[in-house]
Every structure is written in C-alpha cells, then in structure tokens.
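Undergrad: how does the following fold in three dimensions:
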Amino acid sequence: MQKVSKVSEVKPADRLAGVSEYYFSRKLKEVAEMNAAGKKVINLGVGSPDLPPSMAAVDALCEDAHRSDAHGYQPYIGIPELRQGFADWYKEWFHVSLDPKTEIQPLIGSKEGILHISMAFLNPGDGVLVPNPGYPTYSSVSRLVGANLIPYDLKEENGWMPDFEALERMDLSGVKLMWTNYPNMPTGANATIEVYEKLVAFGREQGIVICNDNPYSFILNDSPISMLSIPGAKEIGVELNSMSKAHNMPGWRMAMVASNPRFIQWILKVKSNVDSGQFRPMQKAAVEALKATKEWYDGINRTYRSRRDLAGRIMQALGCTFDQDQVGMFLWGKIPEDIVSGEDLANRVLYEANVFITPGFIFGSNGDRYVRISLCCKNEQLEEALNRIKTVIK
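TA: Alright, predicted model coming up:
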C-alpha cells in the first residue's frame, strides 16, 4: 500500500511570520545580479570597513595559529587576556572600571549579543522599546523572541534623541527592556553625558533595562563616551561594543557586552548553550588590536574625513540636506520635498546611476524621507559615484 507524503504539510515556526529576510541580504542579491549583467554597481550601502586591521593584530593571529594547542574549544567566557584587554580599553578610553572576570562577556559580534540579551531578559509578551529610526535587528530579534514591540520616536527636531516626556506619557506597563544606540546609527547623532544620565535615570525609575549599543564612538568622534560612565548605570544598564568599526575587523566577529555580574551571568546562560567559543588566535589578535594608540584612531579618521567630504558632495548632488556634526561611518541626509520617498530616490540612483545607497525607511517610518551613504568606500569610487549621480539628477 502506497503511503501518502506529508512533506507539504511541514510549516515554519510561527515566529518567522513576524520577520522578513534582512533588507541588505535581499538587496545585495539584486546588486550581484546587476553586476553579473555588467552594471558595475558602486556599493555605498553597507557599513563594512574596507581598511585593514592593525598589523600587530594580524601578526598575533598568524603567530598563535601556528601553535599546536591553539585549535581546540575555548572557554565560553573568552580567554582571560581578552577580557582584560576589553577592561583596559574601557578604562583608558571611556574612563569606566569593569571587572574582567564578572562584568565583561566577549561575543561573536554584537549582532549576536542583541539576540542573547533578548533571550536572557524577554519572555513572550514582554514589552521592549525600540528606536524609530533604529538598527532593524532590534526589532527583528524582539519579534523572534515573541516580545511586544513598542517603537519610540527619534526626530530630527529633537536632535535624534529620546523625548523623555513622551516616553513617560506612554503605557510602560510590561516594558522590560529599552534599546538605545549612541553614537546613533543611522542618523549620526552623537552621544552626550546628559542623554546618558537621563537614560539611566529613566531605567532606574521605571525598572527597565537600558541596552546601549556603542560601536561607532571612535569614528569621526574626538570624545568617545560610554553610558556605563554614569553613576549607577551598571545596575540597570547593559552596553554592547564591537571591534568591527573602529578596529576594521567586521569579518572577525569580535565584540563584547558589559554590565553587572548578575546580568552578565544571565547572558552567559544563553550564550553557552548556543556557541562553543571563539578561535583563540582571533582572541589573541583582538587583544593586540585593543592596544591601538590615538595615532591609530586619528589615522583611520583622516581617511573617513576625506570620504565624508565626498559623501557630502554626493548628498548635495542628490539635493539632500544633512547635519555637518554627524559622527560615525555613515552620512544621513534628508531628501528634497519633491521626492516621494527615500526609497524612491535610492531606487532611481541604483537603476539609473548604478550606485547603491540605503533608503531610510528600513530603519523605521521616521526614516522614510532620508537616505544613508556609507563611508566604507575608497575616494575613487565615491568620486565615480558622484559623477554618475550628476548625470541622472538634474
């Protein structure tokens, strides 16, 4: 007797109904198809640093990789040298004291950390405050864990900072966690001590865990600061940091989360059931990279400053306006009034000029009338992109 196949009855988990494929994953497939057709698209969309890490980091990687004992499983909490390296880095640049044994957890990238933190703190139905506009992963991960997504507005007229009066008027019952990101992506708004003080006070008063994502503080920014520098911040705050941006190590997936020992232990419970640690030579290399001097950061920023000037000229060619005080590795610009949306402008630039820029809608509804340009592209390509755009935007 022939058995009936039930393969067609297999369905994905319900949690996938609330998320879609990441925008850049979809769009970069389209860009790849255009390139295969000979279009030679200039990619000004993705923030993947194209500069190399320090030679000291690369040398440390190679040296340790030659050791016969370097290839086994590593501690879930990272090697002691890396935790100490992160602690020293925070002390030198952010003036924050962290116990390397109990207040730091290395991560395989801060994107991974967003998931671990969400799984550690949020039950299905718990409220989570996410910025609009903001990094899309805050929202998608919150949906994956079944949390109740509650957007809060960031607006240009308020300097892209939280409106605390508006927040306190909201129904915050059931809200357990709030995502913040300063220096801000996508808007380039810089962090301030005053805003961090308000965030910490808000979290303490409301019993809401404040999670600050802080990977951009060294890019075109003379004064890096950390939310954890605020007295009492560690009691209610969690901060993510990454080596992807300031140390040119995006593919290495080296990051950290810092907080009080109790919160770190909760996050470790999740992480230790998901991965088996990071390759030791990469951890050793990260230790060396964290020893970067001011001259290292200044050199990187000289390159970004030159690129930023060209990105500004591209924005002007598009008819966009932008804040000259932005920091970070992107330039965020407001589109002209006669353009339907940022997506409309980005698509026109892609299909007519073969230049890929990011439409602001992917960061939330408050980004709909904006576009973003990445500085992770050499001057020659930025100049070519400018020339192409000038031929189609009159």
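
Undergrad: use CA for all of it now, contacts and neighbours both
TA: OK.

Undergrad: where does the stretch 51-200 of the chain have low pLDDT?
TA: For the stretch 51-200 of the chain, not a single residue meets the criterion pLDDT under 70.

Undergrad: just the strands in it please.
TA: With DSSP state E, counting those that start in this stretch, the ranges of strands along the stretch 51-200 of the chain come out as 104-107, 127-132, 148-153, 175-181.

Undergrad: can you put those in TSV and add distance to residue 236 and mean neighbour count?
TA: Rendered in TSV, the data for these read as follows (distance: least, Cα to Cα, whole Å; neighbours: other Cα atoms under 10 Å):
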stretch	distance to residue 236	mean neighbour count
strand 104-107	15	26
strand 127-132	15	24
strand 148-153	19	19
strand 175-181	10	22
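
Undergrad: would JSON lines of those strands with distance to residue 37 be doable?
TA: JSON lines is the format used below for the strands of the stretch 51-200 of the chain (distance: least, Cα to Cα, whole Å):
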{"stretch": "strand 104-107", "distance to residue 37": "39"}
{"stretch": "strand 127-132", "distance to residue 37": "36"}
{"stretch": "strand 148-153", "distance to residue 37": "40"}
{"stretch": "strand 175-181", "distance to residue 37": "38"}
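
Undergrad: how about stretch 261-270: buried residues?
TA: Neighbour-count burial for stretch 261-270 flags 261, 263-265, 267-268, 270 (criterion: 16 or more other Cα atoms under 10 Å).

Undergrad: what's the answer for stretch 53-62, then?
TA: Within stretch 53-62, the residues that qualify as buried are 53-54, 57-58, 60-61, counting by 16+ other Cα under 10 Å.

Undergrad: closest to residue 180 among these?
TA: The shortest gap between residue 180 and any of the buried residues of stretch 53-62 belongs to residue 53, at 27.2 Å (Cα to Cα).

Undergrad: grab the nearest non-local neighbour of that closest one.
TA: residue 248 (4.9 Å; Cα to Cα, 6 or more residues apart in numbering).

Undergrad: my read: that neighbour touches residue 49, true?
TA: Yes: counting by Cα atoms under 8 Å, residue 248 does reach residue 49; the two are 5.5 Å apart.

Undergrad: got the buried residues for the lengthiest helix in the chain?
TA: For the chain, the helix that runs over the most residues, judged by DSSP state H, is helix 294-317. By neighbour count, with 16+ other Cα under 10 Å as the criterion, the buried positions of helix 294-317 are 297-298, 300-301, 303-305, 307-308, 310-315, 317.

Undergrad: next structured bit after that helix?
TA: On the C-terminal side of helix 294-317, the nearest following helix or strand under DSSP states H and E is strand 330-334.

Undergrad: that next one vs helix 294-317, what angle?
TA: In this structure, strand 330-334 runs at an angle of 30 degrees to helix 294-317, with axes from the mean of the first three to the mean of the last three Cα atoms, to 10 degrees as the basis.

Undergrad: for strand 330-334, name the packing helices and strands.
TA: Under the contact criterion of 3 or more Cα pairs under 8 Å, 6 or more residues apart in numbering; DSSP states H and E, the helices and strands touching strand 330-334 comprise helix 294-317, strand 370-374.

Undergrad: relative to residue 130, which of those is closest?
TA: Taking Cα to Cα, strand 370-374 is the member of the helices and strands packed on strand 330-334 nearest to residue 130, at 18.9 Å.
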